[in-house]
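1. With the sequence up front, the predicted model follows.
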Amino acid sequence: MTARSNFSAVSVLKENGHVTGIVGKDEAGNEVRVTADFVVGADGRFSWTARQVGAKVAEERNEYVGSSFHAEWEDVEPISPEHPHALGSYNTRKGPRVLFIPIDTRKYIVENYTIDKPNSETTGLKTIIWKACNLFLRFGGG
């Protein structure tokens, strides 16, 4: 497997109806062709890759609305003095689980994702704002 940074896929390579790789552009804008025995399009729910190869949606469920919170907090005490770069996972006991992902000394990415009940009064943007404020206050103001 090869990981690439600053790389954009622009088309899919096909041979005899089978996907054999991708064509992309590197950071300088040069075209790069990458072939593989197995190509994975891990680009999310509304996948560009899936559209390029004509993949059909296998299952789509829209009964619940999800919301997420992402922030970077600085000057945070380490989760563990013995392991200052440890990943932390906390259950708030009121629904969301919060992840603290270390990205530098005393600096963390804070992540949370929840799924709300259908037709809830607190869906969408209202939910994200409420949960972000609640998490901020619950964890000492970040």
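-> Alright, I've got the coordinates. Residues are numbered from 1 along each chain as shown.
2. where do the strands sit along this structure?
-> Here the chain has its strands, by DSSP state E, at 8-15, 18-25, 31-35, 65-74, 88-91, 97-104, 107-116.
3. Compare the ones you listed and give me the one nearest Ser80.
-> Closest approach to Ser80 among those (Cβ to Cβ): strand 88-91, 8.4 Å. C-beta coordinates here come from the backbone N, C-alpha and C atoms, glycine included.
4. next one: that closest one to chain centre, how far?
-> 18 Å (Cα atoms, centre = their mean, to the nearest Å).
5. Over to stretch 44-60?
-> Centroid separation for stretch 44-60 versus its chain: 17 Å, with Cα atoms, centre = their mean.
6. What mean pLDDT does it get?
-> When pLDDT is averaged along stretch 44-60, the result is 82.
7. got any ranges where this structure has weak pLDDT?
-> Residue ranges of the chain with pLDDT under 70: 1, 61-67, 92-96, 115-142.
8. Residue ranges of each domain in it, please.
-> Per automatic domain parsing, the domain ranges recorded for the chain read 8-53, 65-138.
9. Look up how far Val32 lies from the residue of the chain most remote from its centre.
-> No residue in the chain sits farther from the centre than Asn16, which is 33.8 Å out by Cα atoms, centre = their mean. In this view, Asn16 and Val32 are 23 Å apart by Cβ to Cβ, to the nearest Å.
10. Just name the most buried of the domains of the chain.
-> domain 65-138 (a mean of 14; mean count of other Cβ atoms under 10 Å).
11. measure the residue most central in space within the chain to Ala50 for me?
-> In the chain, the residue lying closest to the centroid (Cα atoms, centre = their mean) is Gly44, at 8.7 Å. For Gly44, the distance to Ala50 equals 9 Å [Cβ to Cβ].
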